[in-house]
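Trainee: just need the structure, nothing else, for what follows:
(chains A and B)
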Amino acid sequence: MTDTDQERDRNKETAFYKFTQQTLPACKPVLTPAWVITIFLFTGCIFIPVGLVTLRASRSVVEIVDRYDAECVPEPFRIDKVSYVQDDSIPKNCSRFLKVHKYMKAPIYIYYQLDNYYQNHRRYVKSRSDQQLLHGRKYHGTSSCQPVEFNNDHAIVPCGLVAWSLFNDTFKFIRERAELKVNRKNIAWKSDRDHKFGKKVYPYNFQNGTLIGGGKLNPRIPLSDQEDLIVWMRISALPSFRKLYGRIEEDLDVDDVVVVHLMNNYNTYSFSGKKKLVLSTSSWLGGKNDFLGLAYVFVGSSSLILALVFMLLHLRYRR
Amino acid sequence: MAGGRIRARIRRSHLYTFSCLRPSATEEGPHSIEGPGYSRIVHCNQPLMHKKKPLNYRSNYISTTKYNFLTFLPKALYEQFHRVANLYFLGAAIVSVTPLSPFSAVSMIAPLAFVVGLSMAKEALEDWRRFMQDMKVNTRKVKVHKEEGIFGNKSWQKVQVGDVLKVEKDQFFPADLLLLSSSYEDGICYVETMNLDGETNLKVKRALEVTLPLDDDEAFKNFTGTIKCEDPNPSLYTFVGNLEYERQVYPLDPSQILLRDSKLRNTAFVYGVVIFTGHDSKVMQNATKSPSKRSRIERKMDYIIYVLFSLLLVISLMSSIGFAVKTKFYMPDWWYLQPQSTDDYYNPEKPVVSGVTHLVTALMLYGYLIPISLYVSIEVVKVLQATFINQDIQMYDEETGNPAQARTSNLNEELGQVDTILSDKTGTLTCNQMDFLRCSIAGTAYGVRSSEVELAAAQQMAIDLEDQDVERSTVSRQKGKQQEIELETVVTSKDEKNYKSPIKGFSFEDSRIMKGNWLKEPKADIIKLFFRTLAICHTAIPELNEETGSYTYEAESPDEGAFLVAAREFGFEFFKRTQSSVFIHERYSSSGQPIEREFKILNMLEFTSKRKRMTVIVRDEDGQILLLCKGADSIIFDRLSKNGRMYEEDTTRHLNEYGEAGLRTLALAYRKLEESEYSAWNNEFQKAKTSIGADRETMLEKVADMMERELILIGATAVEDKLQKGVPQCIDKLAQAGLKIWVLTGDKMETAINIGYACSLLRQGMKQICITAISSDAKEVVKENILMQITNASQMIKLEKDPHAAFALIIDGKTLAYALGDDMKQQFLGLAVDCASVICCRVSPKQKALVTRLVKEGTGKTTLAIGDGANDVGMIQEADIGVGISGVEGMQAVMASDFSVAQFRFLERLLVVHGHWCYKRIAQMVCYFFYKNIAFGLTLFYFEAFTGFSGQSVYDDWYMLLFNVVLTSLPVISLGVFEQDVSSEVCLQFPALYQQGPRNLFFDWYRILGWMGNGLYSSLIIFFLNIIIFYDQAFRAGGQTADMAALGTTMFTCIIWALNCQIALTMSHFTWIQHLFIWGSIVTWYLFLLVYGMVSPTISGNAYQILVEALAPAPIYWSATLLVTVACNLPYMAHISFQRCFHPLDHHIIQEIKYYRKDVEDQRMWSRERSKARQKTKIGFTARVDAKIRQLRGRLQRKQPSLETHSPMSPS
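Mentor: Sure, this is the predicted structure:
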């Protein structure tokens, strides 16, 4: 054994000895007034600028929100909107005019927003089969899809309440007579498309029952390409939520008027949920939400105030 | 029982007069052994007979384990699910396999299995240790008769009933044996029963005469016999049985029975027949299960768990009512849920049913409020804390090689909350080692060395003088403190000096009578008689130490040992005892040559606690018959003849001096007997001895009493009952820590008071309240009198104006018997609590336990009992914490204790350092646990309100599974194991810090609720900030909106960060381990997320690639984490900073001083803080010094009124 080995052994021994004697070297930070004031000042100095920057990012986002669920029901049907929306024989066309109040740089994201819609209800959340989405009809353990599991003794693909209640309003955007090109690809997470929804799984026996929920699916397109479905099946956390519909890849100028031709198919009337159409640009931080910036500024200024209070108290009641 | 013991003692006197009188076998007929309870039959030397029923008794294999391989699982599981929290989680786990469960079954079962499995593993490990200990005992070897007179080794567990054993010197008996014969011709042997009853003196056992010839191996060739006796029972002092041997029946009594776990001493070997084996043996029958104790914190924790359960129930009810309402009124409109085709659970038509079933779901969902891992974490922490206690090198006793030991780990934190210490005296405060220090012979006092008490007093005086100087020169109190520290060192060094004293038991120093100089003293013949009395009047056995050539003595009591050593040092070496004689070397004689003298022992009247004296009647070589007597001074003085009182006055004076010096005294006297006088008495005595019947003892006593009269006083001895090392300092520190110390001793009052002085529990100027029972036959009168004494004393204390006045209560066992009565105990307790020190003397083991219970239940505070002997077992088991002294050989107290230390002085470190730490650690840990589970659990509840109370959780099942078990458990364990508010040195320097425990500053409801409030706040911040931040807009530049997985994961990230930062703020001591655990937990979370995101989406579901793809590239994820973490901890941070700056607790100040290195740079400030941080105390030598200083100051102020204005002693 060499000297260094021995030394290492000895070190190990003393380290272990220190451990058992509870005398390991330790840092013992003490919140002295100086430290406290420094920490609070530091927090304040970091948080307020961060808050301002995020606030700026959020403010830079231009957002147009248009609620259309009420207006898009023709006058005569307004008394009983539910039967209107459930009646397939009545056309559901509707036009909306959106005025751009601020220059919007592409890409402009199109969202539909539903309110009072409990996508996060446990019954709803559970009613799906991820295995089936990936493997298709080969997979049989779909009992979780109750009550939308079988129809006429045939498995439904995709099964479950979530898929069954697929959102099916559609939107078309026209600016100055020209249709705005809406890119509806790549609106879902790539991992979902690649790994969760089968490339060879095609819709089967879907929306064939007596009870029709939401949208239908083209049985010739594999699930991995049904991006609307993929987006829809990402459960929202709150009963009020937006989901991505597509992207407009052209800039919109101030005072442009965008005409939206939409098909008002989806029933939110029975539970008096709102439907909104949202056009929004995005910043590096995402969409428009001042809260984060404000919260940063608030916390930052609280901590500055605390620093000040401590300083004053410390000067006043010096120990 | 007491009567029986005395009888046994007096009979034992036959042994020393040896063959003179052995009670003949016909004295009492054989016991009539019939009926139930007397069915045991033992065929001696025919163990094969016991192979078959009904004589197949239990084997000698002992097992003290709780479980065996078969019962472990059911029993341990039962133990685990005894806890209400675990039962709840078991229920939850069972429900989790049904669709009612909000989580997957594995996420409910896995943590439970982990937690329960860990607890069970701990149980198994502990049981394994017990098993190994049993095996060690079971595999000990003993010599057993095989056949044809050949003995061979056999392990203990193989020993069978009927076996003949040969046990050699200093071996333990493997089973209860019938003594057949010993290496002594008359079949006696000496036994040490320390393991059984804690008594250190040797007991004598004696074989039946008829079996005496069986004294070599060969003799057992053809030996057979039958024993019929009682069934196994726990009574150690009784035995009823008959031996049928050679067609004769002989009665057996306890003096022929050698009990398992006692030790053979001073006897080369004995032969014995096994009667009771294994668990049938008396000692095993005696083994009581020590009561399981729970700490205060744990008991309170149960209440908190109940609070949390109520909270759980309330929010579950709210949730299920909400659910029922939603289901009834709203759900029919939610077509996307297909309300028309539901089972009962979501059926809008049956809202009550769905509400009730939802209650089950909700109870499980919010189960995170109940910290499942709390118990197991606490167990892990406590085991580690206990390891630290065991490993502490500063509580390791090098002399005996015994470390401190936490025998039960569940009381660690209780050590930090002790209010009253109840201490045994002998063996705990004192060494039970006597040093011969002084003597008074013929009215002259010899011995110049001072006792510890006197030394302390002398130092006191020196300090007082210096203090006067201090006063005059108006130097600050500072110096007083310095001196005090010096005093500590002086006392310590003195202690050490004593320890090196060359001869054990002898600290005498006086040139007048040492080295034969006594011959030149005026009353040399009386001195000679004095020494001879010391050398002859005893029951000890000499042993030649071959190495040194000197003799050591096996004495029944340490006093006797000290006398013999003293006699040897004075030149009267007792070196041989035969059946009827005592032999002495007299080194110094008038002729100048060493002489060997033989004294024929005619009678020996032994010492009993009732007689309080011992007498031998000897015939010296000149044929002169002498009666030599030693005994308690009061007894001896009563028996002096008229002309024997020559030195009474002087001796009494000396005895008083010795008493004040804390010494134990005995008076010596003699009487010369005429031949005729003696033989007349002896006839009477023999008659009494051979008489039959119950009054034999009284007759014997009466006859003995007749002889022990008309004595002539020789002198008195004074031996020092040596205090254990460091006891006064330890008591001083404990007193400064605000602990009350009660001494409960079996000793007489005078001795107890001496010891009280020696360890500064008593001091001059303290008002001693002695409560004694008047001797009256009428119980009522005695009772009334005691009650009056108690009320008077209480009154006196109440009326006392001087705030510094201290009182001491001294009470004896007889009085205590009344004072502990139901009608008086409250008054007694009230008085005792008002007194600075309490000393109870002459108390029985039972009374010790009763006093402990009274203090424990009466004051409601934590009590700690410390003792070393079997007589302390009751007290140790009764107290909240029992501490056993493991330095001595007896293990009874240690076995019953919760902690064991080798010496009393380690108690200081055990309490002030480990107790303080453990209390704070556990308290903070438990508080944090509740905080973290509330902070987490409530977010689940808030989310419910947004899901229509449907029971959906926002987090992935795996997150939840890992939350308690992996992600937040290690930091909190490191808090519980490693946290130190101040270092151990500081703990010892500032004993007042200890008071944080008894005052329960860290686990009162205020603090607990504060932590819960903090949890509530954190949960609100974590949940609402996150949902507003991620409200509905895109959370990335790519326009994607946040789904439930993204929100849940972000929220969970915030929780992990917030909780771990919170614990970092809570801690004040970071070694690399804490850093690793805290920051490691956060890193683990991200690593988990990464790995979890990489496994197949069929497992990870929505969390698939969530970190890599969705969250990590989104700045909002990181900035939300930062914001929420800071927002969660900001108020707490402000709170602790505010508290630290403006309402600092003691440890805050010390931490700060340490932090600024003021202790090094500003010594004055440091020691000023030290003296400030003391508890006001009235005992201990610091209090002594303070009292003295006060007294002097008062005197000075009267003398020099000018000083008043500038008193340097202003209380700081």
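
Trainee: ok, and the closest non-adjacent residue to the residue in chain B that chain A sits nearest to?
Mentor: As assessed by Cβ to the nearest Cβ, chain A sits closest to B:Q1033 within chain B, at 2.8 Å. Every residue, glycine included, has its C-beta placed from N, CA and C. Using Cβ to Cβ, 6 or more residues apart in numbering or on different chains and skipping the chain neighbours, the partner closest in space to B:Q1033 is A:G287 (2.8 Å).

Trainee: then B:N153?
Mentor: In this structure, B:N153 finds its nearest non-sequential neighbour in B:K141, 4.5 Å apart by Cβ to Cβ, 6+ apart.

Trainee: so that neighbour makes contact with B:S155?
Mentor: Yes - A contact is recorded between B:K141 and B:S155 when judged using Cβ atoms under 8 Å, the distance being 5.9 Å.

Trainee: and chain A, what are its domain boundaries?
Mentor: Domain ranges of chain A: A:30-61+A:285-318, A:64-281, per the TED database.

Trainee: B:I257: which of those domains is closest?
Mentor: Taking Cβ to Cβ, domain A:30-61+A:285-318 is the member of the domains of chain A nearest to B:I257, at 65.9 Å.

Trainee: average pLDDT across stretch B:1002-1015?
Mentor: Here stretch B:1002-1015 scores 93 as its mean pLDDT.

Trainee: hmm, back to that, compare B:K141 and B:S155 (neighbour count), which wins?
Mentor: Comparing B:K141 with B:S155 by other Cβ atoms under 10 Å in any protein chain shown, the one with more neighbours is B:S155, at 17 against 13.

Trainee: need the contact list for the residue nearest to B:Q1033.
Mentor: Contacts here follow Cβ atoms under 8 Å, 6 or more residues apart in numbering or on different chains; on that basis A:G287 touches A:61, A:63, A:109, A:280, B:1033-1035, B:1039, B:1041.

Trainee: any idea which of these is closest to B:L713?
Mentor: Closest approach between those and B:L713, by Cβ to Cβ: B:F1035, at 103.1 Å.

Trainee: looks like that closest one contacts A:G286 (just checking).
Mentor: Yes - proximity of B:F1035 to A:G286 meets the contact threshold set by Cβ under 8 Å, at 4.5 Å.

Trainee: find residues that contact each of those two.
Mentor: Jointly contacting B:F1035 and A:G286 under the rule Cβ under 8 Å, 6+ apart are B:1114, B:1116.

Trainee: run through the strands of the stretch 51-200 of chain A in chain order.
Mentor: A:63-67, A:93-99, A:108-114, A:150-151, A:154-155, A:170-175, A:178-179, A:182-183 (DSSP state E, counting those that start in this stretch).

Trainee: the first one packs against which elements?
Mentor: When you say that, I think you mean strand A:63-67. Strand A:63-67 sits against strand A:93-99, strand A:275-280, with contacts defined as 3 or more Cβ pairs under 8 Å, 6 or more residues apart in numbering or on different chains; DSSP states H and E.

Trainee: SS state for A:F271?
Mentor: Look at A:F271: counting by DSSP: H, G, I helix; E, B strand; the rest coil, its state is coil.

Trainee: contacts only, for it.
Mentor: The neighbours of A:F271, taking Cβ under 8 Å, 6+ apart as the test, are A:116-117, B:330, B:333-335.

Trainee: repeat the analysis, applying 6 Å as the threshold.
Mentor: Contacts were defined as Cβ atoms under 6 Å, 6 or more residues apart in numbering or on different chains; by that measure A:F271 touches B:333-334.

Trainee: B:V719 in helix, strand or coil?
Mentor: Secondary structure, three-state DSSP: B:V719 is strand.

Trainee: immediately after the helix or strand hosting B:S319, which helix or strand?
Mentor: According to DSSP states H and E, B:S319 maps onto helix B:296-325. Stepping forward along the backbone from helix B:296-325, the first helix or strand reached (DSSP H and E) is helix B:351-365.

Trainee: do that next one and chain A meet?
Mentor: No - with Cβ under 6 Å from any Cβ of the partner chain as the threshold, helix B:351-365 lies outside contact range of chain A, at a closest distance of 8.3 Å.

Trainee: show me what counts as buried in that helix.
Mentor: Buried residues in helix B:351-365, defined by neighbour count with 16 or more other Cβ atoms under 10 Å in any protein chain shown: B:351, B:354-355, B:357-365.

Trainee: mind checking what helix or strand follows the helix or strand encompassing B:V383 in sequence?
Mentor: B:V383 is part of helix B:374-391, with elements assigned from DSSP H and E. Where DSSP H and E defines the elements, the next helix or strand beyond helix B:374-391 is strand B:405-406.
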